[in-house]
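Visitor: output the structure for:
(one chain, ligands or ions: 1)
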Amino acid sequence: MSHWGMFSAESVAGEVTAVHPYEGDSNPSPMLGNLAGSVRSRSRVTGPAVRRGWLENGPGPSDRRGADEFVSVTWDELTELLARELRRVVDTHGNNAIFGGSYGWASAGRFHHAQSQVHRFLNQLGGYTKSVHSYSLGATGVIMPRVVGTHWKLFARSTSWDVIAKHSDLLVSFGGVPIKNTGVNAGGTSGHPTLGALDAFRARGGKIVSFSPLRDDVEGDCEWIAPVPGTDVAIMLAVAFVLASEGLHDREFLNRFCVGYERFEDYLLGRADGVPKDPRWAQEISGVPAEFVTDLARRMASGRTLVTVTWSLQRIKHGEQAPWMGVTLAAMLGQFGLPGGGFGHGYGSMNEPGLAPVPYPLPTFSQGVNPVSDFIPVAAISDLLLSPGEEFDYDGRRLTYPDIRLVYWAGGNPFHHHQDLPRLRRAFARPDTIVVHDPYWTPMARSADIVVPSTTSLERNDLSCTRNDPLLVAMQQVVPPFANSRDDYDTFADLASALGFGEQFTEGRSSQEWIEHLYDQWRPFVDADGGNTPTFEDFWSDGHYRMRTEDNLVLFGDFREDPEKYPLSTPSGKIEIFSETIESFGYADCAGHPRWYEPDEWLGGPRASQYPLHLIANQPKTRLHSQLDHGDVSQASKIKGREPIRMHPDAAAARGVSAGDVVRVFNDRGACLAGVIVDSDLRSDVVQLSTGAWYDPLDPADPDSLCVHGNPNVLTPDIGTSSLSHGCTGQHVLVQIEKFEGVLPPVKAFDPPVLGSR
Ligand code: PGD
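Guide: Sure, this is the predicted structure:
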């Protein structure tokens, strides 16, 4: 099992040679093609390694990270020096001087999940400064619990695809329903039903209106509207304006199930600020014709309409507003909780939304309790390291960044997920020590002091399942561990033992015994629900167990049926179109109801005169984030070895650029190279460069160096969505582009660093 689907594999001499998708999967992800050849890739870390500067000079801040050579050490040496350094930091600076947020997707698998492993270890060490929420859903994770009482139920208990296919008339999707993203599910998936469901929906006469700068955010038939990027909230407001002014809104629903509509309406109609948010006002901002918006509002009110907002819409400055306004629009239509109507968040952002959930908990490896209370919103990593002692706002609280001395990362790649990489590099020069566990020499591993070689999921046994998939899968080892790599569990078990809590960490179990233990602990939940689970031995030889799923769900169906019995977990128990709580925080960048805020970086602002192209840094089609960028499918998409950038023919012609050329993409934060695809299926002032090409600085010693490979995060702003949630804003950035002339520098991202001897 992988995050991008279930498969069986063939291997020869310790390498995976072929991968076959699960026969029950109707639309397997092409990303599976990256797995063959991945175990013995030249980018693998062959054994424990320590940065020479750290080994020779000891712990301390260093701007040589990412540029220094490494020295091979034995496992015993690694355990000894790492245990000593952890003890030093804890004794001298306290446990909150360790940052163990360690964000990242790592691999599928319930036991060998890298974050669970590192968090359990650090908790037992006495705790660590953690991070909260995710790069995927930083804004949603904070705003939605305040508006509808939850964020995770919006996906895990979303209206199912079957219900949409059967009941919806109109899907108005802000951000489309990008099929490429449904290839992926955190923790794995045994099926990819989205494409089939959309076909069935259309065959019944269902229509899709897709607001997106990119045509292919919906595959197949749809009405494609390409507004100025980042202006969706203005369009939603204009639709709401038409509903309110033509009396098409459902007053009864708003009174019974919502609070604060009147306050919002004062703003919407311009009573509060003298600016009616009508379709003409929205046309000025978004470029979408007022007549279209007026007509759309009437169409939306005349049938069963699902308003969907992709996660990408909240990965932008003021990202809280799009999901909040989406909820408000759906509430005005009064179809919340009706089959095929209401609100959806994340259809096409990951496979999970629209899939039926299992009704019981999953097998879980306990992380224990973190005794340290300090935390950061996950996308504040550079702020944390650069500004110790500084105060910041977050969700109604005033918090302080602790002074971090040691950074511990396992299963993530901040050089993929974080924004403004030149700034991140300066931040990573600050701590005394950086430790990274990864199977590969990712840019993050190269920027570490201590590199711990992990196995991949192909080299170990595990259990996999997710909350919206019917199969519990026996993940069976395909090949032996590569070179001198080890399971993260074994590394932590040895370290815990050297630090005096080995027995507490392992509870006396080997990996295989843990897997069996997790299975046995989980069986009673299933059996109490009428399941009939086999013994572990039988399960392991069968390869999977099929669980019961809750089919034909309707998001908030129970709330609509009986709001007194099933209130939302908000202060009012209702949908909070106006939130007294948020208003009471007094934030200038997130007030008590959804509203239009002008973004910092958009084509309508002054910055566009210098950087006139809006770059969409979206999720890649050919890999998961940065994982297996060296794989066959990802490599086949590169142009002269660079990440592909899509440009409209007009934008290309204006710069004398043709398909297959290499261009320099730049702004005042940084620059990268990329290979050109000319494509008319995007706005002429929009370019698209996906995330995930491994960061490859021309001069590894210079944080401002050109990335020769095409990582858009050298360009993106490191600014939180708002004082409320401080989510990631990496999806959008303004750039300029010019043809790259001269000798092309080689791509060295996948070459391991120099490994010297002592
Ligand atoms: P991955 O490339 O998946 O990226 O960021 P994330 O850090 O999750 O990194 C996972 C790492 O784990 C890989 O290096 C892999 O080799 C390693 N790994 C795999 N298995 C194991 C294991 O068993 N043990 C150990 N120790 N390591 C393992 C993703 C993040 O990026 C996300 S979720 C989103 S949604 C964001 N999206 C955007 C965006 O839209 N635009 C921009 N510009 N930036 C983004 N960044 C965010």
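Visitor: centre of the chain to stretch 538-550, how far?
Guide: Stretch 538-550 sits 28 Å away from the centroid of its parent chain (Cα atoms, centre = their mean, to the nearest Å).
Visitor: nope, stretch 265-277 is what I meant
Guide: 35 Å.
Visitor: how about stretch 628-643?
Guide: Relative to its chain's centre, stretch 628-643 lies at 21 Å (Cα atoms, centre = their mean).
Visitor: list the contacts of that stretch.
Guide: For stretch 628-643, contacts defined as Cβ atoms under 8 Å, 6 or more residues apart in numbering pick out 30-31, 33-38, 41-43, 440, 620-623, 644, 660, 662, 673-677, 689-690, 692-694, 708-711, 744, 746-747, 749-750. C-beta here means a position set from N, CA and C on the backbone, and glycine is covered the same way.
Visitor: of those residues, grab the buried ones for PyMOL.
Guide: Buried residues among the contacts of stretch 628-643 (16 or more other Cβ atoms under 10 Å), as a PyMOL selection:
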select buried, resi 30+31+33+34+35+36+38+41+43+440+620+621+622+623+644+662+673+674+675+676+677+689+690+692+693+694+708+709+710+711+747+749+750
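Visitor: taking the contacts of stretch 628-643 one by one, which sit in strands?
Guide: Cross-referencing the contacts of stretch 628-643 against strands under DSSP state E gives 644, 662, 673-677, 689.
Visitor: in a helix, that's where Pro265 is, yeah?
Guide: Wrong residue type there; residue 265 is Glu, not Pro. Yes. Under DSSP: H, G, I helix; E, B strand; the rest coil, Glu265 falls within a helix.
Visitor: name the nearest residue to it, ignoring sequence neighbours.
Guide: Ala244 (6.0 Å; Cβ to Cβ, 6 or more residues apart in numbering).
Visitor: helix/strand/coil for that neighbour?
Guide: helix.
Visitor: what's the burial count for it?
Guide: 19 (other Cβ atoms under 10 Å).
Visitor: which ones are touching it?
Guide: With contact set as Cβ under 8 Å, 6+ apart, Ala244 has these partners: 265, 268-269, 332.
Visitor: for Ile98, what are phi and psi?
Guide: Main-chain dihedrals, Ile98, degrees, to the nearest 10: phi -100, psi 120.
Visitor: partner residues bridging it?
Guide: Listed beta-bridge partners, Ile98: Leu406 (assigned using DSSP bridges).
Visitor: residues contacting it?
Guide: 86, 89-90, 122, 125, 128-129, 404-408.
Visitor: that one and the ligand: what is the separation?
Guide: 17 Å (Cβ to the nearest ligand atom, to the nearest Å).
Visitor: how about the contacts made by the residue in the stretch 201-350 of the chain that the ligand sits nearest to?
Guide: Residue of the stretch 201-350 of the chain nearest the ligand, by Cβ to the nearest ligand atom: Arg315 (5.1 Å). Taking Cβ under 8 Å, 6+ apart, we find Arg315 in contact with 135-136, 138-139, 727-732.
Visitor: could you rerun that using 6 Å?
Guide: Arg315 makes contact with 728, 730-731, according to Cβ atoms under 6 Å, 6 or more residues apart in numbering.
Visitor: CSV please, covering these and showing distance to Asp685.
Guide: Converted to CSV, those look like this (distance: Cβ to Cβ, whole Å):
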residue, distance to Asp685
Cys728, 24
Gly730, 20
Gln731, 16
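Visitor: among those, which one has the most neighbours?
Guide: Top of the contacts of Arg315 by neighbour number is Cys728, holding 29 neighbours under the definition other Cβ under 10 Å.
Visitor: what about Gln419, neighbour count?
Guide: A count of nearby residues for Gln419, using other Cβ under 10 Å, gives 28.
Visitor: tell me the buried residues in stretch 251-267?
Guide: If you call a residue buried by 16+ other Cβ under 10 Å, then stretch 251-267 has these buried ones: 253-254, 257-261, 263-265, 267.
Visitor: for that stretch, give the mean pLDDT please.
Guide: Averaged across stretch 251-267, pLDDT comes to 98.
Visitor: quote the end-to-end distance of it.
Guide: 17 Å (Cα to Cα, to the nearest Å).
Visitor: what's in contact with that stretch?
Guide: So stretch 251-267 is contacted by 272, 331, 334, 563, 572, 574-578, 593 (Cβ under 6 Å, 6+ apart).
Visitor: gap between it and the chain center?
Guide: Distance, centroid of stretch 251-267 to centroid of chain: 32 Å (Cα atoms, centre = their mean).
Visitor: got the residues of the stretch 301-450 of the chain near the ligand?
Guide: Proximity of the stretch 301-450 of the chain to the ligand, by Cβ under 6 Å from any ligand atom, involves residues 315, 410-413, 416-417, 437-440, 442.
Visitor: okay if I get those as a markdown table plus secondary structure?
Guide: Listed next are those as a markdown table, based on three-state DSSP:
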| residue | secondary structure |
| --- | --- |
| Arg315 | coil |
| Ala410 | strand |
| Gly411 | coil |
| Gly412 | coil |
| Asn413 | coil |
| His416 | helix |
| His417 | helix |
| His437 | strand |
| Asp438 | strand |
| Pro439 | coil |
| Tyr440 | strand |
| Thr442 | coil |
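Visitor: in PyMOL, select just the buried ones from those residues.
Guide: Selection of buried members from these for PyMOL, criterion 16+ other Cβ under 10 Å:
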select buried, resi 315+410+411+412+413+416+417+437+438+439+440+442
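Visitor: redo the residues of the stretch 301-450 of the chain next to the ligand as CSV? Include pLDDT.
Guide: Output for these, formatted as CSV (pLDDT from 0 to 100):
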residue, pLDDT
Arg315, 97
Ala410, 98
Gly411, 98
Gly412, 98
Asn413, 98
His416, 97
His417, 97
His437, 98
Asp438, 98
Pro439, 98
Tyr440, 98
Thr442, 98
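Visitor: measure the residue positioned nearest the centre of the chain to the ligand for me?
Guide: For the chain, Ser136 is the residue whose C-alpha lies nearest the centre (Cα atoms, centre = their mean; 3.0 Å). Ser136 sits 4 Å away from the ligand, going by Cβ to the nearest ligand atom.
Visitor: do His593 as well
Guide: 27 Å.
Visitor: tell me the secondary structure for that residue?
Guide: Applying three-state DSSP: His593 is coil.
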